[in-house]
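Undergrad: just to be clear, the model below is a prediction. Sequence and coordinates:
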Amino acid sequence: MWLATWLSNLDRRWLFLVMGVLVLEPLLFPLSLPLRVTPPVHGFAAAIDSVPAGSTVLMSCDYDPASIPELVPMTRTAFRHLLSRRCKIVITCLWSGGPGLVDSVTSEVAREFPDRRYGVDWVNLGYKSGNEAVMVLMGQGIRNVFPRDFRGNAVATLPIMRSVRDYTSFPLLVNISAGYPGTKEWVQQVQARFHLPMVAGVTAVSAPEFYPYLQSHQLRGMLGGMAGAAEYEVARGEKGTASKGMDAQSLGHLFVALCIVVGNVVSFLQRRRS
Amino acid sequence: MKREVPLFITGAIGLFMILSFFVPHHWVSVPADFLQACAVIVVAFGYVLGGANVLRVNLEGISRRERGWGYKIVLVVSLLGTVAIGIADGLRHNGSFPVEGTPSKWIYDNLYATMSGTMFALLAFFIASAAFRAFRIRTFDAGLLAVAALIVMLGRVPVGDVATSWLPEWLRLGTLQQWIMDVPQNASKRAILIGAALGVMATGLRVILGIERSYLGGED
Amino acid sequence: MTRRAPRRAARVVCATVLVLAWFAGGAPSARAQERFVIVPDSTAAATPAPPPPAPASFAPPTGLLVHDVPNDGGRALELTWSPSVDDVPGHGRVTGYYIERAPSPGGPWSAVDSTLARSSQYVDGSVLRDVDYYYRVSAFGDGEVAPARSITGPVRATSQWFNATRASVLAFMLLFFTFVLYFTASAQAGRKPFVRRIAGVDAIEEAIGRATEMGRPVLFVPGISDIDELQTVAGLVILENVAKVTARYETPIRVPVTYPIPFTIAEEMVRSGYLNAGRADQYDPDSVRFISPEQFAYVAAVTGMMLRDKPAAHIFMGSFFAESLLLAETGFSTGAIQVAGTANVHQLPFFVVACDYTLIGEELFAASAYLSGEPRLVGGLKGADLIKVVIIIVVVVGSALETFGLHGLTQWLATQ
Amino acid sequence: MTLHPSHDPGIWVGAALTLCIFSFLYRDNPFYKFAEHLFVGVSAGYLIILSYWTVIDSNLVQPLGLAFHGTGTKTANAGMWAASQGDYRGWLLVPAVFGVLLFTRLLPKIGWMSRLALALIIGVYAGIKTTGFAQGDFVAQVQASLQPLWKAGDPAFGINAIVFTVGLITSLLFFFFSREHKGALGVASRVGIGFLMVGFGAGYGYTVMSRISLLIGRLQFLLENWLGLR
């Protein structure tokens, strides 16, 4: 019974220490447990595979540095997947914290394809404030909303933008998003109106909310959190940061599950005693 | 005058935007686009005003020597520094910001990105302590929540499948988790989506018809 | 003291030299930004070169039809044709189709675009409104071109006055707005429509009562979103009522806010709360504080307030994101009574487990309607209830029809 | 397992600030306060500059500059007021005026004029959000809920469809405020709250993953970028 009292007034900083160690350990000595690819991830990869080679795809990365560990692996793998299918990619970013980060990640991946040139095979249009208003405005003409791209070039002079007018120019929208504005607003303002096929890579915290969109086929595929990113990497046969992080996720989840159970047992024992 | 004109503007623009959803005709869609373009610009002014407000509040805090005014100096200096460097970089790169290799990008990568990422990382620790100390199953409903949370939490990571690989396929944690996500969770989330949509539509209607005047504030 | 000073100074100097050497060692890799140079026009693949006249060994496409794209502002024409008979997957001699346009049958033909093999549809969005156009589509493949045998036109892109596919949205919206306006009017006419008392409302008043007993302040957080988020408006309406109660009980209230616009509204809400309670002089302008739009800087400041001022009641009403956990857990640890309400679904689990009471999703809007007692808001609540009955009927009827294979209702509901 | 600490001063500053913020776990201390205030200052300054350069400059100042010279993106029509879709020229003075009006909030006397700009923003967003939610989250979701409740030869589909429809209807009834939750409505609301709680449990599980991945991200930064562990 002394265990219950010791546990109940345990300083929470011990819990912090255990969580820190548990998450750190697999990063040093990986366990590499096998990962099963779930249907929403197959849908995501299949939607990109079904895009005709050489067509122009819209990729909106609506997140900021706070979601790097979950969404940057998705952005990398999806961008590499699109480039490997010889697609042209138009990138937009509706989060103020994101444009610098998105530009670095995409430029890094683009360097793996030496024959692809900025402005011909992919362009980063950067940030625009206004949330849903920007999405609706892009429906009337993307050039009107983004007169200049992220690097300061006049968008009208870019060859890739010559064949891009509005949403009808895209066979697919790949949306990587962390909250508002994000996947929900893209589905409401764009997918429903322009019947633009859409897939989404989202943070795990917002994934459950978008399962109804999967069931109603408003979304053709979805990557949910780091697990979704890792499965996508496995599906594409890549070894990215997400797959490496999954062992630490396993231990972290086990620890939290343990905390819930033990926490309640302790409080139950205490309630019975008092 | 101070209340009627804003209310009229909100009502007229709101109704016009709803009209533009149903009427694709160019006499309606072109002005509607113009209004949205205005909103994009005015919201940007709002963010600049927000920054100016932070500056004003903290400068007052410093002048009144409030508690912790030393830190407020750090805040004001870093704000003005970021703005000054931003203006210089923007002028040098004809308006594109933050450009690779410029001091602004250095600030973005090493200060902004690092700190906002780390702020979030604190949460992982708090999740553990909250799970232990604040996750109390006091009712049957909270019990349901806990069981669903445990199944989904363990089913979503490789260790869940590995641990229950000896069970038949449909009993494994991974499959259970998939079923919970596809059926019960989906039904309740859809009910909440519809409910929230009704709430937003009702509030939107009240704002447009001037019934909801809270954004104008109390007195004249 | 002085004898040791030079040795300390020396240590400092060599430390800085060491550090500078360290950083100088690996010159920071300022990757030169790939400056985009205007690409000369020749490499652009968008507009194809004019088709060479050589007769082709394969057949041209046939049956070209052009019609105005419905439900748009007269900005597009849709072309459909049957691909060339020789355009067979294995055959591979046909690689694509040229689409050409002209103002008159014999007029100057200009190339619009080219599409890939086996395509049979194209939307030309670069047309002017209400202008006649003529189209022809020819097949091309490894240097040869099969010119179109027929010309289609004249066709005109026109503006429609109503988007027919959105009829179901219009129907449901009008139905719902009628319900809302009916109940609002009846509430304003004094007929009090019945609304069940929401347990969350009792919880809020109980929380304020407890704070008053302990003589500690009440902490009210109206969510972290800007005024364009309607949950923030609902949160501020609840704040007005909370401010009335705290003013009456003379309990101090703390309202940290993230954005400038909700900040000024919250200020006026709390001031009008003291106004209504007849204690306008006791309004403390510092009770409503503008913190920062940055999510986590705001949370750090609020958790700091929780630990320093030790408010006995925490009320979170509005739109919350990842920081809800930090607020709820720190709040739980200070032993304060916590009542939360948000429509952001993914934050509800944390509030449900850590708070004494949680308003779930719509209950936040319902509480703002119930608390403010405004007939207009109660009208919205009752309107939503009635439309839910309609939805349940539609779902039951629709599912029954679908079970028997009748898809009429489902297709009518589909929108574009 | 060898250490190759980074030579980039930026990474060192980043690592130092990361540790300053992690120090909050031990307890609130000056290092954390310094990092917190630095973060608020930098993010507020960054937002001001980003909003100016990427929106106000490129969508307002530059087009207005062109407009005063009578040109615009659509070279066909000339003249300052010759606006067309996407090329609004002189008409951009309207958002410019509204934007400046927003700043009157800082001055007490004419502060009310900022409500005009507020009215524009709230009007546009009330309209967009109402129609967006009506189509995407209301009608589309109801339409997607109409599914056959029984399919010959596929019992699993039938069971799932029935459970789904019962869950949807009872969850909707939980948010019913016009009658006390007694009798049949009481039972339906109890079942509804059960479904809701399973939904929240799933949400909790997914959120745990989100939070832990953030910690993994920071530790990977410290280990690989900063200490160069290989």
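TA: Nice, I can see it. Since we're looking at a predicted model, the values are computed, not measured.

Undergrad: what residue is smack in the middle of chain D?
TA: Centroid-nearest residue in chain D, with C-alpha atoms, centre = their mean: residue D:129, separated by 13.5 Å.

Undergrad: got the CA coordinates for the strand or helix carrying it in CSV?
TA: Per DSSP states H and E: residue D:129 is located in helix D:114-132. Presented in CSV, the C-alpha positions along helix D:114-132 are these (Å, rounded to 0.1, in the frame of the first residue of the first chain):
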residue,chain,number,x,y,z
SER,D,114,-11.8,50.6,-37.2
ARG,D,115,-15.2,48.9,-37.0
LEU,D,116,-15.6,49.6,-40.7
ALA,D,117,-12.6,47.4,-41.6
LEU,D,118,-13.8,44.9,-39.0
ALA,D,119,-17.2,44.8,-40.7
LEU,D,120,-15.6,44.1,-44.1
ILE,D,121,-13.5,41.1,-42.7
ILE,D,122,-16.4,39.7,-40.7
GLY,D,123,-18.8,40.1,-43.6
VAL,D,124,-16.6,38.3,-46.1
TYR,D,125,-15.8,35.5,-43.6
ALA,D,126,-19.4,35.0,-42.4
GLY,D,127,-20.4,34.6,-46.1
ILE,D,128,-17.6,32.2,-47.1
LYS,D,129,-17.8,30.1,-43.9
THR,D,130,-21.6,29.8,-44.0
THR,D,131,-21.6,28.4,-47.6
GLY,D,132,-18.4,26.4,-47.1
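
Undergrad: list the helices and strands that helix packs on?
TA: Helices and strands touching helix D:114-132, by 3 or more C-beta pairs under 8 Å, 6 or more residues apart in numbering or on different chains; DSSP states H and E, are helix A:132-138, helix B:4-22, helix B:26-63, helix B:184-208, helix D:93-102. Heads up, the C-betas are built off the backbone N, CA and C, glycines and all.

Undergrad: can you pull out the low-pLDDT segments for chain B?
TA: B:214-220 (pLDDT under 70).

Undergrad: same thing but 50
TA: Counting by pLDDT under 50, chain B contains low-confidence ranges at B:218-220.

Undergrad: try chain C
TA: In the predicted model of chain C, residues C:1-6, C:25-47, C:49, C:51 satisfy pLDDT under 50.

Undergrad: give me the domain ranges for it.
TA: Annotated domains of chain C cover C:62-155, C:164-191+C:376-413, C:199-373 [automatic domain parsing].

Undergrad: just name the most buried of the ones you listed.
TA: Comparing those by mean neighbour count (mean count of other C-beta atoms under 10 Å in any protein chain shown), domain C:199-373 comes out on top with a mean of 23.

Undergrad: now do that domain: distance to the chain's middle.
TA: Its chain's C-alpha centre lies 24 Å from the corresponding centre of domain C:199-373 when counted by C-alpha atoms, centre = their mean, to the nearest Å.

Undergrad: tell me if the top helix by length along chain C is near chain B.
TA: Counting by DSSP state H, the longest helix found in chain C is helix C:375-403. Yes - between helix C:375-403 and chain B, judged by C-beta under 8 Å from any C-beta of the partner chain, the touching residues are C:376, C:377, C:380, C:381, C:383, C:384, C:387, C:388, C:391.

Undergrad: equivalent analysis for stretch D:29-39, please.
TA: Yes - judged by C-beta under 8 Å from any C-beta, stretch D:29-39 and chain B are in contact via D:33, D:34, D:35, D:36, D:37, D:38, D:39.

Undergrad: buried subset of those residues, written for ChimeraX?
TA: Provided next is the ChimeraX selection string for whichever of the residues of stretch D:29-39 next to chain B are buried by 16 or more other C-beta atoms under 10 Å in any protein chain shown:
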select /D:33,34,35,36,37,38,39
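
Undergrad: thought residue C:212 was touching residue C:251, still the case?
TA: Yes - using C-beta atoms under 8 Å as the test, residue C:251 is close enough to residue C:212 to be in contact (4.7 Å).

Undergrad: any idea which of the residues of stretch D:29-39 next to chain B is closest to chain A?
TA: Nearest to chain A out of those is residue D:39 (C-beta to the nearest C-beta; 11.4 Å).

Undergrad: thinking that closest one is in contact with residue B:113, fair?
TA: No - with contacts counted by C-beta under 8 Å, residue D:39 stays clear of residue B:113, the gap being 10.9 Å.

Undergrad: so how far is residue C:305 from residue C:408?
TA: 58 Å (C-beta to C-beta, to the nearest Å).

Undergrad: number of residues surrounding the residue in chain D that chain C sits nearest to?
TA: Taking C-beta to the nearest C-beta, chain C has its nearest neighbour within chain D at residue D:7, 2.3 Å off. Using other C-beta atoms under 10 Å in any protein chain shown, the number of residues around residue D:7 comes to 16.

Undergrad: all the helices of the stretch 101-250 of chain C, residue numbers only.
TA: Under the criterion DSSP state H, counting those that start in this stretch, the stretch 101-250 of chain C contains helices at C:167-188, C:199-214, C:230-249.

Undergrad: contacts for the first one?
TA: This means helix C:167-188. B:21-22, B:198, B:201-202, B:205, B:211, C:193, C:375-376, C:378-384, C:386-387, C:390, C:412-415, D:130-131, D:134-135, D:138-139, D:142-143 (C-beta atoms under 8 Å, 6 or more residues apart in numbering or on different chains).

Undergrad: ok, the second one next?
TA: By C-beta under 8 Å, 6+ apart, the list of residues contacting helix C:199-214 from outside reads C:217-218, C:238, C:242, C:245-246, C:249-251, C:311-315, C:337-339, C:341, C:356-359, C:363, C:367, C:370-371.
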